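Undergrad: this is a predicted model, with the sequence first.
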Amino acid sequence: MTETTFDALCIGNAICDVFAHVEEDFLVQQNLVKASMRLIDTEEAVRLYEQMGQTTRISGGSAGNTAAGLASLGGKAAYFGKVARDEIGTSYRHDMRGTGVHFETPDLVDGLPTARSMILITPDGERTMNTYLGACVELSEADIDPQVVGASAITYMEGYLWDPPAAKRAFLKAAEIAHAAKRKVSLTLSDSFCVDRYRDEFLELLRNGTVDLLFANEHELKALYETSDLDSAISAVREDCALTALTLGVEGAMAVSREETVHVPAQEITDVVDLTGAGDLFAAGFLFAQARDYDLAMSAELGCLCASNVIRHVGARPERPLAQVAAEEGFSL
């Protein structure tokens with residue numbers, strides 16, 4: 001087996017979050033529905049970006065957030081995601097590398113611009129989101145570096161990768177390489193709508209052993225098994241997957257294996273600011289712990305700690321080193 005270099009390799013859509021504070025009139029002028037989220041095409045992405053005025057950029061994307069969180073814990077993380085050779089793509093790559101994440105996926109040249117989610121914040125704090133997928137959907141098998149996959153204890157992938165055909169093939173190639181190197185493969189279901197689109201295929205990934213570790217929240221797991229009863233969904237996933245990390249919001253989290261179920265409480269906090277990234281950072285903590293052979297209880301507890309930290313500020317990336325936060329809470333990493 002290849003020597004382990006990375007605790008986890010995270011593969012997903014490389015999306016730059018672009019924030020701008022705007023007045024209510026701006027939304028009216030742009031014919032935007034306040035507090036909505038829409039997908040937009042290249043022409044609209046370029047037009048709206050030019051109209052936004054002063055912006056703040058933060059490299060985002062679900063798996064990218066997880067990789068950054070893992071690095072913040074002191075872990076070794078790698079990332080595969082597609083950006084264009086443009087201003088935003090250069091900024092995204094700089095940010096990811098700045099967090100300590102290994103990110104060497106080749107740029108998309110002479111193609112679509114880098115993906116971005118343009119987030120317009122009105123004075124009342126409401127967010128109106130305009131998401132352009134752009135270059136990130138061009139991730140392909142050619143971007144899967146076998147050496148990095150083989151050197152990663154766990155390869156973690158977004159359910160969103162199942163949308164573009166090329167990314168789906170890249171997902172399967174990475175899983176094949178990981179298992180050949182005796183590594184584990186992980187999938188996050190991403191959202192309930194993603195589950196509804198690909199339920200049968202996701203179930204097959206679990207049942208045929210492609211996925212060893214599943215991440216889901218309560219709503220996604222119920223959607224996967226088309227049930228309103230959480231206990232029924234847990235019983236079903238126990239049969240289908242070796243290990244499931246299940247987030248339950250204020251009820252904490254569960255780790256469900258074929259042999260045991262561990263339930264840990266959520267961190268007690270009263271200053272919730274922004275729930276964005278909670279699931280991504282839970283995954284960072286859980287993956288870090290699993291890569292280092294911690295038990296299920298500590299894996300879930302560390303995941304909850306990371307999630308509780310990120311929801312105390314705006315944005316889906318840690319503001320303080322999570323290794324420091326964990327040490328303050330008595331974790332010995």
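TA: Sure thing, it's come through.

Undergrad: please name the bridge partners of residue 247.
TA: Applying DSSP bridges to residue 247 yields these beta-bridge partners: residue 217, residue 253.

Undergrad: distance of the residue nearest to residue 185 when sequence neighbours are not counted from residue 81?
TA: On the basis of Cβ to Cβ, 6 or more residues apart in numbering, the spatially nearest residue to residue 185 that is not a chain neighbour turns out to be residue 175, at 4.6 Å. Heads up, the C-betas are built off the backbone N, CA and C, glycines and all. When distances are taken as Cβ to Cβ, to the nearest Å, residue 175 and residue 81 turn out to be 17 Å apart.

Undergrad: and if you look at residue 160?
TA: Applying Cβ to Cβ, one obtains 11 Å for the distance of residue 160 from residue 81.

Undergrad: neighbour-wise, which of these two wins?
TA: Neighbour tally, residue 160 and residue 81, criterion other Cβ atoms under 10 Å: the higher count belongs to residue 81, 26 against 22.

Undergrad: not counting sequence-adjacent ones, nearest residue to the more buried one?
TA: Ranked by Cβ to Cβ, 6+ apart and with sequence neighbours excluded, the top spatial neighbour of residue 81 is residue 14, at 3.2 Å.

Undergrad: let me know the pLDDT of the one you found.
TA: pLDDT, residue 14: 96.

Undergrad: list the contacts for it?
TA: Residue 14 sits next to 59, 61, 64, 81, 82, 83, 92, 105, 114, 115, 135, 136 when contact means Cβ atoms under 8 Å, 6 or more residues apart in numbering.

Undergrad: wait, the fifth one touches residue 144, no?
TA: No: if you go by Cβ atoms under 8 Å, residue 82 and residue 144 don't touch, sitting 11.5 Å apart.

Undergrad: and these two? Which one has more around it.
TA: Applying other Cβ under 10 Å to residue 82 and residue 144 shows that residue 82 carries more neighbours, namely 28 against 23.

Undergrad: for the residue lying closest to the more buried one once chain neighbours are set aside, what are its contacts?
TA: Distances taken as Cβ to Cβ, 6+ apart put residue 139 closest to residue 82, at 4.3 Å, once the chain neighbours are dropped. Residue 139 makes contact with 11, 13, 80, 81, 82, 105, 161, 164, 166, 167, 170 under the criterion Cβ under 8 Å, 6+ apart.

Undergrad: helices - which of these land there?
TA: Where the contacts of residue 139 overlap with helices, as defined by DSSP state H, the overlap consists of 166, 167, 170.

Undergrad: for the host helix or strand of residue 223, which positions count as buried?
TA: When elements are assigned from DSSP states H and E, residue 223 belongs to helix 218-224. Across helix 218-224, burial judged by 16 or more other Cβ atoms under 10 Å covers 218, 220, 221, 222, 223, 224.

Undergrad: now do stretch 54-72
TA: Of the residues in stretch 54-72, those buried under the neighbour-count criterion (16+ other Cβ under 10 Å) are 58-72.

Undergrad: settle this for me: residue 253 is touching residue 303, isn't it.
TA: Yes: in this structure, residue 253 sits in contact with residue 303. The criterion is Cβ under 8 Å, and the distance is 6.0 Å.

Undergrad: spit out the residues that contact the two alike.
TA: A shared contact of residue 253 and residue 303, defined by Cβ under 8 Å, 6+ apart, is any residue touching both; here these are 245, 247, 282.

Undergrad: quick check: of those residues, which has the highest neighbour count?
TA: The most neighbours of any of those, using other Cβ under 10 Å, belong to residue 282, which has 28 neighbours.

Undergrad: part of a strand, is that residue?
TA: No: using DSSP: H, G, I helix; E, B strand; the rest coil, the secondary structure at residue 282 is helix, not a strand.

Undergrad: thought it was touching residue 308?
TA: No: taking Cβ under 8 Å as the contact criterion, residue 282 and residue 308 are not neighbours in contact, 9.2 Å apart.
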